[in-house]
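Novice: the following comprises the amino acid sequence and a computationally predicted model.
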Amino acid sequence: MSTPKKAAAGVVGAFLVEQAGRIARDPEVHKAVAEAARPAAAKMGEAAKSAKGKVKLPHRADPLVQLEASLDVVAELVERHAPEAKPAATAEWRRRITSLRNAIPLAKADQGKGCKTKLKDLQARQKALLDEVYTAVVEAQAPAQ
């Protein structure tokens, strides 16, 4: 069952398709439509240019700062669940967190492709560590079956 709005939209759509076909077939009509639309397009372009300096895009955080923050989360997770984990595993996780934290200033000092390569390596190592810690915590909290 069709509503009046849907029916009106169908009629308007059919009309627009018919007019588009007419514009495409007749070069004179096509030229007249283009001339009529030119001032509106120019106004839109001017508005976009004037807004360019006024619009502030959201600031994207530095990936190395994000890496530091995620290491803070991993360290908190390790400390919070250290009593439930194996002492050797906890010590290894702490060592890896320290190693990653010490590598961040070295990555910051590098430039260009070297920095990007080091950043990707650090992110992969951090993700692997987080996955390992998370899995251990979830397994430790799971009820024994």
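Specialist: Everything's here; your move.

Novice: CA atoms for contacts and neighbours, from now on please.
Specialist: Noted.

Novice: for stretch 33-49, C-alpha coordinates in CSV please.
Specialist: Provided in CSV are the C-alpha atoms of stretch 33-49 (Å, rounded to 0.1, in the frame of the first residue of the first chain):
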residue,chain,number,x,y,z
VAL,A,33,20.1,24.8,-17.9
ALA,A,34,23.9,25.0,-17.6
GLU,A,35,23.8,28.8,-17.8
ALA,A,36,21.0,28.9,-15.2
ALA,A,37,23.0,26.7,-12.8
ARG,A,38,26.3,28.5,-13.2
PRO,A,39,25.6,31.4,-10.7
ALA,A,40,24.4,28.9,-8.0
ALA,A,41,27.5,26.8,-8.5
ALA,A,42,29.7,29.9,-8.3
LYS,A,43,28.0,30.9,-5.0
MET,A,44,28.5,27.4,-3.6
GLY,A,45,32.2,27.5,-4.6
GLU,A,46,32.7,30.9,-2.9
ALA,A,47,31.0,29.6,0.2
ALA,A,48,33.2,26.6,0.3
LYS,A,49,36.3,28.8,-0.1
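
Novice: how about the strands in this protein?
Specialist: Under the criterion DSSP state E, the chain carries no strands.

Novice: can you pull up the most central residue in it?
Specialist: The chain has residue 60 as the residue nearest its centroid, 9.7 Å off, counting by Cα atoms, centre = their mean.

Novice: next one: phi and psi at that one?
Specialist: The phi and psi values for residue 60, taken as degrees, to the nearest 10, are phi -90, psi 130.

Novice: which ones are touching it?
Specialist: Residues in contact with residue 60 (Cα atoms under 8 Å, 6 or more residues apart in numbering): none are found.
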